[in-house]
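> Everything below, folded, please.
(chains A, B, C and D)
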Protein chains: 4
Amino acid sequence: MTAAPTTTDRNGESLADRGRLMVQGEDRPGIVSAVSGLLSEHGANIVSLDQHSTDPAGGRFFQRTEFHLPGFAARRAELEARLAEALEPLRMSWRLSEASRRKRVAIFASRMDHCLLDLLWRERRGELSMTTTMVVDNHPDLADAVRPFDVPYFHVPVGKDKADAERRQLELVRGNVDFVVLARYMQILSGDFLEQVGVPIINIHHSFLPAFMGAGPYQRAKERGVKLIGATAHYVTEDLDEGPIIEQDVARVSHADTVADHVRTGADVERRVLARAVGWHCEDRVFRDGNSTVVFG
Amino acid sequence: MTAAPTTTDRNGESLADRGRLMVQGEDRPGIVSAVSGLLSEHGANIVSLDQHSTDPAGGRFFQRTEFHLPGFAARRAELEARLAEALEPLRMSWRLSEASRRKRVAIFASRMDHCLLDLLWRERRGELSMTTTMVVDNHPDLADAVRPFDVPYFHVPVGKDKADAERRQLELVRGNVDFVVLARYMQILSGDFLEQVGVPIINIHHSFLPAFMGAGPYQRAKERGVKLIGATAHYVTEDLDEGPIIEQDVARVSHADTVADHVRTGADVERRVLARAVGWHCEDRVFRDGNSTVVFG
Amino acid sequence: MTAAPTTTDRNGESLADRGRLMVQGEDRPGIVSAVSGLLSEHGANIVSLDQHSTDPAGGRFFQRTEFHLPGFAARRAELEARLAEALEPLRMSWRLSEASRRKRVAIFASRMDHCLLDLLWRERRGELSMTTTMVVDNHPDLADAVRPFDVPYFHVPVGKDKADAERRQLELVRGNVDFVVLARYMQILSGDFLEQVGVPIINIHHSFLPAFMGAGPYQRAKERGVKLIGATAHYVTEDLDEGPIIEQDVARVSHADTVADHVRTGADVERRVLARAVGWHCEDRVFRDGNSTVVFG
Amino acid sequence: MTAAPTTTDRNGESLADRGRLMVQGEDRPGIVSAVSGLLSEHGANIVSLDQHSTDPAGGRFFQRTEFHLPGFAARRAELEARLAEALEPLRMSWRLSEASRRKRVAIFASRMDHCLLDLLWRERRGELSMTTTMVVDNHPDLADAVRPFDVPYFHVPVGKDKADAERRQLELVRGNVDFVVLARYMQILSGDFLEQVGVPIINIHHSFLPAFMGAGPYQRAKERGVKLIGATAHYVTEDLDEGPIIEQDVARVSHADTVADHVRTGADVERRVLARAVGWHCEDRVFRDGNSTVVFG
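Numbering: from 1, shown residues only, chains lettered A, B, ... in the order given. As a prediction, this is how the structure comes out:
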């Protein structure tokens, strides 16, 4: 199950021969010049370049370069060899991707439809450079809503033996996706699952200032009179809800809103924040930097 | 030390004969009608009325009524007697205020000038219906900055014996102010102080989604890659930084911003949020509802 | 084609016996008291009351009162008689509505799906107190996308004889809807249509600071380097795009975004702003005040 | 009157040996590589690099590079010669600046203090890499407010002969400033002045969606029921209020706010937007691109 390459980007521009190079490592003099020189010698024209250094003296270095290189697909192996030669002695890690290749994603859901449907709808509109290869749901409720999008829908109930469900999920996704989105998936994934799935996982959850940890956060936020409801999209790590943040946003509420209104307002923020985070991830704009991120948005 | 009455509101309209009635209690049928009927019979014209009920069946009731009553100052005692007669049997608590009377405030500060100066500047512009009767600072640093505003400045250092400083602070403020603002005052006030001061205290502090409790919150927020920096204004209770929230807001940051940038962005949000909270408090727009608030903003 | 009454509001609370009274007119002393007294005598318990006066001396007065009255449906005629008696001498215009009765709406569209689908999806979720009785489209493109929502879809092409299309549209909507939403409907409606349709029409369009009137606004906004893309929802009047504003919002863009990105960002803001405006209209929260509005949001 | 060089940036990092290179022109392959290679050969370490191309095929190219070069001040002439050699054949325009050199600014004002005082206060706090060498005011009202900041204040009344006032203004600023800020300066500057002053001018003005051109914009915005009040900071060109936009923002208002409230809300947005625009200009983050801008914020 592979995704068909796209031929234009979200602005209708041709993506043939468009590549991206992501480099990161310990900052040292001459890196930007080395990378851009190498691309240039190879006949690549730099379309956009974003660079960030956490500290020019001994910090970490991040660079995303989007370039145009006629015949890129054919010349990729050669370019990779040259990059390895140049960047590995500098102990830089790097990755090359073809802009025309959409990322394949599995969306995990649980009853709530707002994040799931918004992603499917944006994909259909051509806003997201991804192909949803499957929806995995631990409840059967959303099957009807997903059907019009022509995406395979798998109902994988999670019973007492959660390991069993995770085995089934791994069978479905392993090798078939480039990343996973938890679109309000209400089950905690085990450390085992995270290790074996081998691809990044993006999660979305509500956020408040301050946080209300534990049960009933909306109720408790209401009891404290919060005026803003937020959402955070982040990469999943073993520390539940504590992974590197990709995007956040808030919406305003008032005393006149009920807890149910807060939940609805939260849903609106969640789908907006998740869509931005997923879009950036699909375009290789997000670098992980320890438990933080660098987002060339 | 009493504040001079103002003769116009922040829009230049006359405040003579303008009163406000704040009522709260257990919700019951007929309250709105009883209150508005009583004002009407008394010859008062309702200028604005805000009402909120947390639940029409057995919830709590809040009403703020602003009215015009010719000769209000002279007829206040009579109106109060009638209100007592009508509202006390219903076990409603209520309060009457004259719009022309600015609230007197003591601003507590500690080195950081942004919240303090913004309040003084807004007061001078006529944006806040208050009179700052004193600035109390545990450091001497801001004396020069305060001087051009013609406000008494008291330096009350807080040494080992914090109780001693609090005694001095109480001597200054008791009877002289209607509320206190902690404009980035970096000392924790004792439960004793809160009890004896006898007036509401408004505090401002930074906020994140999620919260980073304890030391070095900005550093830790940066390490997690937060994208929003927030601020919360709240009434001070014995639970430090846990009192009823009056107002919140956020501003956007990115990986390109340093911790110092985050602090500066936070300062901008803090002064904006605090000014709004103080302005609403001065106009009797904030009701406390347990550990929450009703804000008729 | 009538909409089924709903039995709970968007928070799951019972709407049986819940009424709303909307009053507006020239401000005069005693109005709030007269209205609330009348409801109270009638046995109604006021659930929420919003009042606004543009100027207590000779301004215009607006009041929205939501109340609980056991047996409201049966007693409606009697209450209306009493209201007429009380309010007509004061030359107040007023309207009574049952909260349990969803408003019936026709959504007009033209190829672009974002506003249309967002409204249908929110209605299905129970967020909007309305029943979409039909979608009217001058292109056939969105038929498939609408089908899963089980809403009648009418394709009414607009050819050279626009009057002909408008006749067909009027046949469809007259008597069958309580309001019309133009969800990116790209045809200008004639003054004749507006007059004959007899119900409010809500429109959504892009907005910039400053405005770029005429053709190609996104291109021209880009050429000026605008940093915010906005949307405005308003009631339709004969002055195209100049009617009373119900709601507005903006989103941030940068030089790195293309014109196509701006359009997409605009679509996101449009659906959010339109949903809020429609939701408030459905709950009788919007009063027209000349070419302005009073929104008890 | 020259500004003293600063030794640390707004984050407290040393600025000695820190340079910035701004390049712009017609996009062509190899530019990024040529620029970064040249800096690298020269021993400069790239601290941050931002690049933007309006269109990789025949568009315009913009690059801002911040670098560390030991002994930069002494080696500047040599580096400039090399840059001229490399970039002029490519018909690129370029500019080199020392990060430690604060830009000198004249602030023009007229009675309203909010933008002026906010800039002076931010400068004093070390937030803006600039030195205000003078305040030029066509009214005497703000002299007292400026005095505590120790900045020369010149009262230049504008009478019937505006050319006379402009002559006086030119005498003051020519050669003495690197840019001018119009901080709610309420006079229109002549084309002659713009030509002769020879430095960029940044202006701030209110903005609405849609715009209300001509007299009384706040009143007219109120009459249309606008829900957002905005501000736009832009470079001044001969087309009044039509120059390239640097930054914009908005704040929310409601029907309950008066025109005077709108003006106050607008003032808050104006000072925030202007401070951001001025800060970016001081750090060479803003490129003009025809009537648009590229802001590496």
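
> what's the neighbour count on the nearest residue to A:Arg122 once chain neighbours are set aside?
Excluding the flanking residues, the one nearest A:Arg122 by C-beta to C-beta, 6 or more residues apart in numbering or on different chains is A:Leu128, at 5.0 Å. In this view, the C-beta of every residue, glycine as well, is placed from N, C-alpha and C. Neighbourhood size, A:Leu128 [other C-beta atoms under 10 Å in any protein chain shown]: 23.

> How about A:Thr237?
Residues lying near A:Thr237 (other C-beta under 10 Å) number 16.

> go on, A:Asp144?
10.

> who's in contact with it?
Applying C-beta atoms under 8 Å, 6 or more residues apart in numbering or on different chains, we find A:Asp144 in contact with C:Pro148.

> which element is it on?
Using DSSP states H and E, A:Asp144 falls within helix A:143-146.

> following that helix, which helix or strand comes up?
Immediately after helix A:143-146, counting by DSSP H and E, sits strand A:153-155.

> Could you list the buried residues of that next one?
Neighbour-count burial for strand A:153-155 flags A:153-154 (criterion: 16 or more other C-beta atoms under 10 Å in any protein chain shown).

> Mind listing the strands it pairs with, and their directions?
strand A:130-137 (parallel) (DSSP bridges).

> Contacts for the strand it pairs with next, please.
A:1, A:3-4, A:102-110, A:116, A:119-120, A:123, A:142-143, A:146, A:149, A:151-156, A:169, A:172-173, A:176-177, A:278, A:282.

> at 7 Å what do you get?
Under the criterion C-beta atoms under 7 Å, 6 or more residues apart in numbering or on different chains, residues A:1, A:3, A:102-110, A:116, A:120, A:123, A:146, A:151-156, A:169, A:172, A:176-177, A:282 lie in contact with strand A:130-137.

> Same question for stretch A:192-206.
Applying C-beta under 7 Å, 6+ apart, the contact partners of stretch A:192-206 are A:115, A:166, A:170, A:173-174, A:177-184, A:217, A:230-236, A:238, A:241, A:246, A:266, A:270, A:273-274, A:277-278, A:281.

> Now that stretch: buried residues?
In stretch A:192-206, counting by 16+ other C-beta under 10 Å, buried: A:193-194, A:197, A:199-206.

> cool, stretch A:57-66 as well?
A:60-66.

> what bridges to A:Gln51?
A:Gln63.

> How about the residues of the stretch 101-250 of chain A by chain B?
Residues of the stretch 101-250 of chain A lying close to chain B (C-beta under 7 Å from any C-beta of the partner chain) are A:207-211, A:222-228, A:230, A:232, A:244-245, A:247-248, A:250.

> Please indicate which of these are buried?
Among these, those classed as buried by 16+ other C-beta under 10 Å are A:207-211, A:222-228, A:230, A:232, A:244-245, A:247-248, A:250.

> Next one: A:Phe149 from C:Val158, what distance?
30 Å (C-beta to C-beta, to the nearest Å).

> Equivalent analysis for A:Pro200, please.
48 Å.

> ok, for the residue located most distally from the centre of chain A, nearest residue in space, not its chain neighbours?
Each residue of chain A has a distance to the centre, and by C-alpha atoms, centre = their mean the biggest one is for A:Ala256: 35.1 Å. Of all residues not flanking A:Ala256 in the chain, B:His52 sits nearest, at 6.3 Å (C-beta to C-beta, 6+ apart).

> next SSE after the longest helix seen in chain A?
When chain A is parsed with DSSP state H, its longest helix is helix A:259-282. Using DSSP H and E, the next helix or strand after helix A:259-282 towards the C-terminus is strand A:286-289.

> mind listing what that next one pairs with, with the direction of each?
Checking strand A:286-289 against DSSP bridges gives partners strand A:292-295 (antiparallel).

> Name the residues that touch the strand it pairs with?
Outside strand A:292-295, the residues within contact range by C-beta under 7 Å, 6+ apart are A:52, A:62, A:244-246, A:280, A:285-287, B:223-225, B:254-255.

> ok, now stretch A:252-272?
A:114-115, A:118, A:204, A:206, A:218-219, A:221-222, A:225, A:227-231, A:249-251, B:52, B:293-295, C:10-12, C:127.

> Helix or strand: which one has A:Ala34?
If you go by DSSP H and E, A:Ala34 is part of helix A:31-41.

> How about that helix, which residues are buried there?
Buried, per 16+ other C-beta under 10 Å, within helix A:31-41: A:31-40.

> surely A:Ala165 meets A:His155?
No. Judged on C-beta atoms under 7 Å, A:Ala165 makes no contact with A:His155 at a distance of 10.7 Å.

> So which of the buried ones among the residues of the stretch 101-250 of chain A next to chain B are in strands?
Among these, the subset assigned to strands under DSSP state E consists of A:207, A:228, A:230, A:232, A:245, A:247-248, A:250.

> what about A:Ile246, how many neighbours?
27.

> gap between it and chain D?
To chain D, A:Ile246 is 20 Å away according to C-beta to the nearest C-beta, to the nearest Å.

> need the contact list for the residue nearest to A:Ala256.
A:255-256, B:62, B:294, C:48.

> And A:Ala211, by the same measure?
B:209-211.

> Quick check: it vs chain C, distance?
Distance, A:Ala211 to chain C, by C-beta to the nearest C-beta: 24 Å.

> A:Thr132 too?
In terms of C-beta to the nearest C-beta, A:Thr132 sits 17 Å off from chain C.

> And for that residue, the neighbour number?
By other C-beta under 10 Å, 24 other residues sit near A:Thr132.

> ok, and the closest non-adjacent residue to it?
A:Val151 (5.0 Å).

> Next, count neighbours for that neighbour.
17.

> Kindly list the main-chain dihedrals of it?
phi -120, psi 130 (degrees, to the nearest 10).

> show me the contacts for it.
Counted by C-beta under 7 Å, 6+ apart, A:Val151 has contacts A:120, A:132, A:134-135.

> Which positions in stretch A:211-223 come out as buried?
Buried, per 16+ other C-beta under 10 Å, within stretch A:211-223: A:211-212, A:217-218, A:220-223.

> Need the CA coordinates for it. CSV is fine.
The C-alpha trace of stretch A:211-223 is given here as CSV (Å, rounded to 0.1, in the frame of the first residue of the first chain):
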residue,chain,number,x,y,z
ALA,A,211,-2.8,22.8,33.6
PHE,A,212,-5.4,20.8,35.4
MET,A,213,-3.8,17.4,35.6
GLY,A,214,-5.8,14.2,36.2
ALA,A,215,-9.5,13.6,35.9
GLY,A,216,-12.2,16.1,34.8
PRO,A,217,-9.9,18.9,33.6
TYR,A,218,-12.7,20.9,32.0
GLN,A,219,-14.8,20.8,35.1
ARG,A,220,-11.9,21.9,37.3
ALA,A,221,-10.9,24.6,34.8
LYS,A,222,-14.5,26.0,35.0
GLU,A,223,-14.3,25.9,38.8
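
> ok so, going back, could you export the contacts of A:Ala211 as a markdown table, including distance to D:Pro70 and pLDDT?
Shown next, in a markdown table, are these (distance: C-beta to C-beta, whole Å; pLDDT from 0 to 100):
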| residue | distance to D:Pro70 | pLDDT |
| --- | --- | --- |
| B:Leu209 | 42 | 83 |
| B:Pro210 | 43 | 79 |
| B:Ala211 | 43 | 79 |
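
> where are the low-confidence patches of chain A?
Across chain A, the ranges flagged by pLDDT under 70 are A:1-13.

> Return the residues of the stretch 1-150 of chain A in contact with chain D.
A:29-30, A:32-33, A:36-37, A:40, A:45-49, A:51-53, A:56, A:68.

> change it to 8 Å
A:29-34, A:36-37, A:39-40, A:43, A:45-53, A:56, A:68 (C-beta under 8 Å from any C-beta of the partner chain).

> Strands along the stretch 51-200 of chain A, start to end?
A:60-68, A:93-98, A:103-109, A:130-137, A:153-155, A:179-182 (DSSP state E, counting those that start in this stretch).
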